[in-house]
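**Q** Sequence and predicted structure below; questions after.
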Amino acid sequence: MSSSLDKLKALTSRLEDKIEEKEKPPIIEEKTTKESSKNVSKPITKPVPKSSTKEENIGKNIRTENIVRVKVLYEKLKIFEKSPDFDNIFIYKAMNLSGIGLKEDDFGQVREGKYIQVIAITYEPDKNGKKKAKNISLGYFGKAETLDETLKNEIIEFVLRWRYEKAFQNLEHYKDLIARVDQPSDTLF
């Protein structure tokens with residue numbers, strides 16, 4: 001687990017460094033010009049790139065790295081056996097893990113006597129048309145007590161990275177909605 005957590009910590013650290021770099025004030029240079037045969041020093045500021053563009057690039061790099069790793073784990077954990085199209089794993093509303101704790105107080109702890117499964121959650125209408133949560137097992141990995149430590153870490157990493165990508169997709173959705181509000185029109189739709 002520590003290697004997966006170390007990777008996530010390193011990724012977070014790089015993001016924080018990039019954000020810190022973005023927040024630095026613009027660089028000011030002194031430039032000498034000739035005015036009336038005198039040398040006069042004038043401060044000239046270099047243009048600072050738009051922070052949103054820089055932020056988007058940082059986000060795209062992190063997102064690209066994350067999605068590559070999700071795909072590697074998708075294949076390694078054989079999630080493709082239950083969900084053959086990689087892009088379709090993001091249609092699920094949520095993803096959870098049974099048999100291993102993901103909360104702060106029990107993170108990475110296996111639950112004795114439980115079975116390890118990656119569970120996707122979707123909402124489908126019942127016979128009355130009311131939406132009901134439906135759990136779909138994307139991967140079954142046996143009893144908690146017999147689970148290999150490396151495999152456990154990869155399962156945890158898959159679920160966390162899936163959630164990370166899903167968060168990016170939700171952000172994109174809300175950015176699009178906000179853009180529609182910012183641009184005045186007769187109607188939003």
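**A** Now that the structure is in, tell me what you want to look at.

**Q** Tell me where the protein has strands.
**A** In the chain, the strands defined using DSSP state E lie at 28-35, 38-45, 94-98, 115-125, 131-143.

**Q** strand partners of the fourth one, parallel vs antiparallel please.
**A** So that's strand 115-125. In the sheet, strand 115-125 lines up against strand 94-98 (antiparallel), strand 131-143 (antiparallel) (DSSP bridges).

**Q** What residues of the first one count as buried?
**A** In terms of neighbour count (16 or more other CB atoms under 10 Å), strand 94-98 has its buried residues at Met95, Leu97, Ser98. Glycine gets a C-beta too; all of them are placed from N, C-alpha and C.

**Q** And the last one, by the same measure?
**A** When burial is assessed from 16+ other CB under 10 Å, strand 131-143 yields the following buried residues: Leu138, Gly139, Phe141.

**Q** where does the protein have low pLDDT?
**A** 1-9, 11-13, 15-56, 58-59, 182-189 (pLDDT under 70).

**Q** in it, which spans are helices?
**A** For the chain, the helices defined by DSSP state H cover 2-22, 51-76, 149-182.

**Q** Quick check: the nearest residue to Arg69 once chain neighbours are set aside vs Lys127, distance?
**A** Sequence neighbours aside, Arg161 is the residue nearest to Arg69 in space, at 5.7 Å (criterion: CB to CB, 6 or more residues apart in numbering). Arg161 sits 36 Å away from Lys127, taking CB to CB, to the nearest Å as the criterion.

**Q** Those two: which has the busier surroundings?
**A** Regarding Arg161 and Lys127, a neighbour count based on other CB atoms under 10 Å identifies Arg161 as having more, with 24 against 6.

**Q** show me the residues around the more buried one that make contact.
**A** Residues near Arg161 by CB atoms under 8 Å, 6 or more residues apart in numbering: Asn66, Arg69, Val70, Leu73.

**Q** Does the last one touch Phe158 like I think?
**A** Okay, so that is Leu73. Yes - Leu73 is within contact range of Phe158, at 4.1 Å (criterion: CB atoms under 8 Å).

**Q** hmm, who's touching stretch 69-88?
**A** Contacts to stretch 69-88, defined as CB under 8 Å, 6+ apart, come from residues 89, 118, 120, 136-139, 141, 154-155, 157-158, 161-162, 165.

**Q** Show me which pair in those is furthest apart.
**A** Taking CB to CB as the measure, the contacts of stretch 69-88 span a maximum distance of 21.2 Å, between Phe141 and Glu165.

**Q** quick revisit: export the contacts of Arg161 to CSV and tack on neighbour count and distance to Asp176?
**A** As requested, the contacts of Arg161 are exported to CSV (neighbours: other CB atoms under 10 Å; distance: CB to CB, whole Å):
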residue, neighbour count, distance to Asp176
Asn66, 19, 20
Arg69, 18, 26
Val70, 22, 22
Leu73, 18, 28
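
**Q** okay if I get those residues as CSV plus distance to Glu81?
**A** Supplementary listing: those in CSV, determined by distance: CB to CB, whole Å:
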residue, distance to Glu81
Asn66, 22
Arg69, 19
Val70, 16
Leu73, 14
